[in-house]
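>>> sequence first, then the predicted structure, then my questions.
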Amino acid sequence: MPTPETYVIDYRAAEHLLDARDPRGAIQLLDAVIAAYPEHTAARLLRARAFFLGAQLRAAEMEFGYVLEREPDNAFAHFALARTLERAARPDEARRHFRLAAALDPRPDFVAAAGFERGAEGGSPPPEPR
């Protein structure tokens, strides 16, 4: 039977797999962590990033949404959801979340993605979520 320490190890291993561009491996490990701790938003955020990297956009959108239901002031989750929506060809929905991300955390990349510097349209695309 897994222990809480096992889940911490799996979470850390999933981070490394995601850094190594292995989203499927990360998702596999995180599924077990989330099954044991369904309210663990950090694990869900990491799994959402893995879904995004693996081009599983609907699953990524659902996970980012889950995180935002529990942490509506999570600027990174808004930004990453926006990137997911943008990639899914839903720019109007994406713009709203880019702007929320920038309002919550005025990091230069969030502000640039929100389009505050260039108006509502145009400019270069925002960076990928980490």
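It's in. Numbers count the residues shown, from 1 in each chain.
>>> from now on I want contacts and neighbour counts done on CA atoms only, so please keep to that.
Will do.
>>> how about low-confidence regions in this protein?
Along the chain, the model assigns pLDDT under 70 to residues 117-130.
>>> could you rerun that using 90?
Scanning the chain with the threshold set as pLDDT under 90 gives 1-4, 115-130.
>>> buried stuff in the helix ranked longest in it?
Using DSSP state H to define each element, the chain has its longest helix at helix 4-19. Under the neighbour-count criterion of 16 or more other Cα atoms under 10 Å, helix 4-19 has 7, 10-15, 17-18 buried.
>>> format those residues as TSV; extra columns: distance to residue 104.
What follows is these, written out as TSV (distance: Cα to Cα, whole Å):
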residue	distance to residue 104
7	31
10	30
11	27
12	27
13	30
14	27
15	25
17	29
18	26
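>>> which neighbouring elements make contact with the helix or strand following the longest helix of the chain?
Sequence-wise, the next helix or strand downstream of helix 4-19 (DSSP states H and E) is helix 23-36. Helices and strands touching helix 23-36, as assessed by 3 or more Cα pairs under 8 Å, 6 or more residues apart in numbering; DSSP states H and E, comprise helix 4-19, helix 41-53.
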